[in-house]
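# show me the folded form of this:
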Amino acid sequence: MNLLTLNTHSWLEKEAEQKLQQLVEKIIEADYEVIALQEVNQLVDSVIVSQSELIGFCPVSGQKSIHEDNFAYCLVKKLAMKGRTYYWSWDMSHIGYDIYEEGNALLSKNPLTSEAIVVSETSNYQDYRTRKLLIGNTLFQGKEICVVSTHFSWWQDENSGFAFEWHQLEKRLLTETNPLFLLGDFNNPAQEAGYSLVEKSPLALRDSYSIAKVKSGEATVEQAIDGWKENTRKLRIDYIFVPATSTVDAHQVVFDGKNAPVVSDHFGVEIEITKF
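Numbers count the residues shown, from 1 in each chain. Below you'll find the predicted structure:
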């Protein structure tokens with residue numbers, strides 16, 4: 001099974017349409033089973049798409065309307081035109097850059113039963129600190145798995161920011177009986193406080209990078225970007241966490257200009273896994 005996570009920074013990049021097409025081409029080439037995307041945007045005032053046009057869409061309870069420029073919707077349509085069908089879910093987390101409804105998305109080759117949960121201390125959509133994560137249950141080779149597209153806040157202290165959000169998600173996932181895969185932008189560098197919380201979690205997850213037989217690339221952010229404006233380091237803040245019993249054959253940084261063109265202010269991460 002191969003999986004991809006990417007913070008898309010959608011519609012905020014120069015040559016955004018070209019970069020969307022490059023993402024399509026890489027997905028077709030790699031043939032991912034599951035894809036998790038973050039910063040999946042649509043304009044606040046763009047046209048709403050009718051339900052009949054949302055092929056393969058798997059809504060959540062209280063679903064926010066999908067607009068014609070929703071990045072995940074555009075991506076799935078382009079993939080379908082190339083003969084690749086994905087089921088997909090998306091929901092809004094907060095207003096971004098004053099003009100976008102920003103959220104997370106999941107794509108899977110098999111149908112999704114999805115749920116969006118607010119994990120942040122605030123649930124005000126106008127507040128960029130509002131975080132709503134997307135949980136989906138799907139099938140791989142007849143076996144049910146649970147996949148989560150995550151976009152967390154930065155570390156503040158042991159009771160707020162990332163720590164608060166992590167404990168909210170952890171509480172929900174402790175009731176989950178299917179194997180867990182957490183993919184996304186954690187906004188917490190490897191080996192630092194937030195990362196340690198995940199490693200020590202009773203969810204019994206492992207960082208796929210740390211157990212991969214073959215690794216290619218490491219950092220997913222190499223410069224100052226939104227949310228890391230003072231950054232001067234190479235950071236690994238995008239992860240795929242897998243069940244502790246997993247065998248990960250390969251972990252590769254993608255969309256880094258070496259393994260596919262740069263399409264976002266984050267690089268992506270893909271893994272190949274044979275046992276979980």
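
# hey, where'd the helices end up in the stretch 51-200 of the chain?
Counting by DSSP state H, counting those that start in this stretch, the segments of the stretch 51-200 of the chain that form helices are 71-81, 162-173, 193-199.

# would you reformat the ones you listed as TSV and include distance to K109?
Where you see a C-beta, it was placed from the backbone N, CA and C, and this is true even at glycine. As requested, those are arranged in TSV below (distance: least, Cβ to Cβ, whole Å):
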stretch	distance to K109
helix 71-81	11
helix 162-173	23
helix 193-199	27
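
# mind putting those helices into CSV with mean neighbour count, mean pLDDT and distance to W228?
Supplementary listing: these in CSV, determined by neighbours: other Cβ atoms under 10 Å; pLDDT from 0 to 100; distance: least, Cβ to Cβ, whole Å:
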stretch, mean neighbour count, mean pLDDT, distance to W228
helix 71-81, 19, 98, 21
helix 162-173, 19, 98, 14
helix 193-199, 17, 97, 14
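
# can you tell me which of those comes nearest to S46?
Closest of the helices of the stretch 51-200 of the chain to S46 is helix 71-81, at 10.7 Å (criterion: Cβ to Cβ).

# now find how far off-centre stretch 214-234 is within its chain.
From the chain centre to the centre of stretch 214-234 is a distance of 17 Å (Cα atoms, centre = their mean, to the nearest Å).

# now that stretch: mean pLDDT?
Averaged across stretch 214-234, pLDDT comes to 84.

# output the longest helix belonging to this structure.
Longest helix in the chain by number of residues (criterion: DSSP state H): helix 16-30.

# neighbouring contacts of that one?
If you take Cβ atoms under 8 Å, 6 or more residues apart in numbering as the criterion, helix 16-30 is touched by 2, 4, 6, 8, 10, 13, 35, 71, 74-75, 78-79, 82, 84, 254-255, 260-261, 263-264, 270.

# now the element after that helix, going C-ward?
strand 34-43 (DSSP states H and E).

# adjacent strands (with direction) for that following strand?
As defined by DSSP bridges, the strand partners of strand 34-43 come to strand 2-7 (parallel), strand 100-108 (antiparallel).

# just the C-alphas of stretch 124-133, formatted as CSV.
Taking Å, rounded to 0.1, in the frame of the first residue of the first chain, the C-alpha atoms of stretch 124-133 are listed here in CSV:
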residue,chain,number,x,y,z
ASN,A,124,-14.8,30.0,15.5
TYR,A,125,-14.4,29.6,11.7
GLN,A,126,-13.1,33.2,11.5
ASP,A,127,-10.2,32.3,13.7
TYR,A,128,-7.2,30.7,11.9
ARG,A,129,-6.4,28.7,15.1
THR,A,130,-9.6,26.6,14.6
ARG,A,131,-8.5,23.1,13.6
LYS,A,132,-10.9,20.5,12.2
LEU,A,133,-9.3,17.2,11.3
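
# mind listing what's buried in stretch 231-248?
Counting neighbours by 16 or more other Cβ atoms under 10 Å, one finds that the buried residues in stretch 231-248 are 235-243, 246, 248.

# those residues in strands, which ones?
Using DSSP state E, the members of those that fall within strands are 238-243, 248.

# coming back round to it: need the buried residues of stretch 231-248 in JSON lines with distance to G103, can you?
Output for those, formatted as JSON lines (distance: Cβ to Cβ, whole Å):
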{"residue": "L235", "distance to G103": "23"}
{"residue": "R236", "distance to G103": "24"}
{"residue": "I237", "distance to G103": "19"}
{"residue": "D238", "distance to G103": "17"}
{"residue": "Y239", "distance to G103": "19"}
{"residue": "I240", "distance to G103": "19"}
{"residue": "F241", "distance to G103": "21"}
{"residue": "V242", "distance to G103": "24"}
{"residue": "P243", "distance to G103": "26"}
{"residue": "S246", "distance to G103": "28"}
{"residue": "V248", "distance to G103": "28"}
